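Asker: Generate coordinates for the sequence data below:
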Amino acid sequence: MCHALGIETPRVSLIHCSEEVNAKYFPYTVAYGDLIREAKDGEFGDCVLDGPLDVKTSLDASSLETKGIQSPIAGQADALIFPDIEAGNTFYKTLTLFCKAKVATALQGTDVPVVSDFAQRQRRYKNIIASLWLLLLSDKIMKRILAINPGSTSTKIAVYNDEKAVLVKKIMHTREELAPFKDFYGAV
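Answerer: Coordinates of the predicted model:
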């Protein structure tokens, strides 16, 4: 993705709450060593991959220096990879809530591109459009796209192969079906 955005040698930080590998307490950190080796072997193209690092040491060189950590990221990460969707989602929500950040997000490693802006309670169509553009810029553009558009009385679903819609479905929701949910977002 970084290459598609014009970053020739992206610095990619593997995020965690601790900079130490610990199989017992932080099992995700164990796999980070394998990912770093794969990056050095060129499996992800030209990039610098390091971790575990926390967000602050990934983006602030003085924090990295204060902690005495040696990293080729040097506090200048171009991309952050979170250990799981929960951590990534929390970071995303924090940026949009407290910083009023405009963001583009995309899940990687899925069978079809996934743009999920459902977590935001307010509709931010600009974020959704930016996320779709991010997917289109990806160097691994997937030819099949699943689009889900939940609404207050119906959900629209479509599957596209390239630009051709191969499935378009509108599912209507009755009042009885929606009654158990406190609000629209609870139903989603």
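Asker: At which residues are the helices of the protein located?
Answerer: Applying DSSP state H to the chain gives helices spanning 28-40, 55-59, 61-66, 85-98, 125-137, 175-178, 184-187.
Asker: Contacts for the third one next, please.
Answerer: Going back to what we said before, that points to helix 61-66. Contacts made with helix 61-66 from outside it, assessed by Cβ atoms under 8 Å, 6 or more residues apart in numbering, are listed as 53, 56-57, 71, 73-76. Where C-beta positions appear, they are placed from N, C-alpha and C, glycine not excepted.
Asker: ok, 10 Å please
Answerer: If you take Cβ atoms under 10 Å, 6 or more residues apart in numbering as the criterion, helix 61-66 is touched by 19, 53-58, 60, 69-71, 73-76.
Asker: What score does Leu135 have for pLDDT?
Answerer: Note for Leu135: predicted pLDDT of 69.
Asker: about what we covered before: taking the contacts of helix 61-66, please make a PyMOL selection of just the buried ones.
Answerer: Buried subset of the contacts of helix 61-66, written as a PyMOL selection, criterion 16 or more other Cβ atoms under 10 Å:
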select buried, resi 19+53+54+55+57+58+71+73+75
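Asker: Just the mean pLDDT for stretch 25-39, thanks.
Answerer: Within the predicted structure, the mean pLDDT of stretch 25-39 is 91.
Asker: How about residues contacting it?
Answerer: Under the criterion Cβ under 10 Å, 6+ apart, residues 12, 14-24, 43-53, 72, 81-84, 87 lie in contact with stretch 25-39.
Asker: can we see that at 6 Å?
Answerer: Residues outside stretch 25-39 that contact it (Cβ atoms under 6 Å, 6 or more residues apart in numbering) are 14, 16, 18, 21, 23, 47, 49, 51-52, 83.
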